[in-house]
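>>> Have a look; sequence and predicted model below, questions after that.
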Amino acid sequence: MTSMSAFCGDAVVDGNDDVVRRLRAIISHEEYQPGERMGSERALAERLGVTRSRLRSALAVLERSHDIVRRIGRSGGIVVSDDKLERNINTVESLPDIARRQGLVMSSAVVSAVVTPASPADARMLRLPGNIRTVYAITRRRMIGDRPFSVESTHLPADMFPGFLSKDLTRPFYRIFEEDYGVRPQAVDETLDSFAVDVGRATLLCVPEGTSVTRIRRVAVDQSHRPCERAVDVYISSRIRFTMHHSGYVRLSATAGNEGAHGPIPA
């Protein structure tokens, strides 16, 4: 009988390898958290008393089993991983750029791309002019390696981006906005929740219908505070971690005083 690991293409890990075992012990005993840097190859080889060649063989095993990633550059080194992409809430950074910084290779495929009449929610949330009620509706699937990661359903005001469907839609949209149209997303307003995935997106994500997934609803605004994107992104929950960095005061209610409170993001 074919094992599930073999079917899914998981690497076979030689758990008896002494260097692999010792590296895992360091991660466990020193309580390294995902995203923490263990050090350079040179430092680890010296610490373990092994050659860099032998260390690299062990690191390759750990990388295939998603225990670590190896990154290059000034902030590179051996970084502890749990095979999750880490993404901040309310970020304007593109998902492929986030993945690249974390040593992951992401690809995109267009599932559908059409011009369609705006829905009432589109008209309201994108603040479409009364005489312009057309949007681009684009669905893409994101993959990390050969595994599905997310499905994105994006609606764009057609009047802001003439000819958008003729572009390479596998590229990050925000990059196309800025380079081809001079539109720079300045802020996003995102809402995160979980829901039971419908059959269409379940098929694209290769999960059973009804699986609990993570959903982000997003509206982005440009440099003139006009909404330029409305999107719903659906992620396989076990493959992503969300973070939130915030400082300052939070308005607790609409009737609270203004002292020390920040206004909402323009929408």
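Cool, got the structure. Since the model is a prediction, treat every value here as computed from it, not as a measurement.
>>> where are the low-confidence patches of the stretch 1-150 of the chain?
1-16, 72-76 (pLDDT under 70).
>>> What are the boundaries of the helices in the stretch 151-267 of the chain?
Along the stretch 151-267 of the chain, the segments classed as helices by DSSP state H, counting those that start in this stretch run 173-181, 199-205.
>>> So which bits of the first one are buried?
For helix 173-181, burial by neighbour count (16 or more other Cβ atoms under 10 Å) applies to Phe173, Tyr174, Ile176, Phe177, Tyr181. Where C-beta positions appear, they are placed from N, C-alpha and C, glycine not excepted.
>>> picking that back up, need the helices of the stretch 151-267 of the chain in TSV (columns: distance to Ile216 and mean pLDDT).
Below are the helices of the stretch 151-267 of the chain laid out as TSV (distance: least, Cβ to Cβ, whole Å; pLDDT from 0 to 100):
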stretch	distance to Ile216	mean pLDDT
helix 173-181	15	97
helix 199-205	13	97
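>>> what's the closest of those to Arg70?
Arg70 lies closest to helix 173-181 among the helices of the stretch 151-267 of the chain, at 26.5 Å (Cβ to Cβ).
>>> about what we covered before: among the helices of the stretch 151-267 of the chain, which comes closest to Leu104?
Of all those, the one in closest proximity to Leu104, counting by Cβ to Cβ, is helix 199-205 (17.1 Å).
>>> re the thing from before, redo the helices of the stretch 151-267 of the chain as CSV? Include distance to Ile236.
Converted to CSV, those look like this (distance: least, Cβ to Cβ, whole Å):
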stretch, distance to Ile236
helix 173-181, 21
helix 199-205, 6
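>>> Show me the one of these that comes nearest Arg239.
helix 199-205 (9.8 Å).
>>> Outside of the closest one itself, list whatever touches it.
111, 141, 148, 150-151, 197, 208-211, 213, 234, 236 (Cβ atoms under 8 Å, 6 or more residues apart in numbering).
>>> now, which of those sits nearest Val50?
Among those, and counting by Cβ to Cβ, the member closest to Val50 is Ile236, at 36.4 Å.
>>> The closest residue to that closest one other than its chain neighbours and Cys228, how far apart?
In space, Ile236 comes closest to Leu205 once its chain neighbours are excluded; the distance is 5.8 Å by Cβ to Cβ, 6 or more residues apart in numbering. To Cys228, Leu205 is 27 Å away according to Cβ to Cβ, to the nearest Å.
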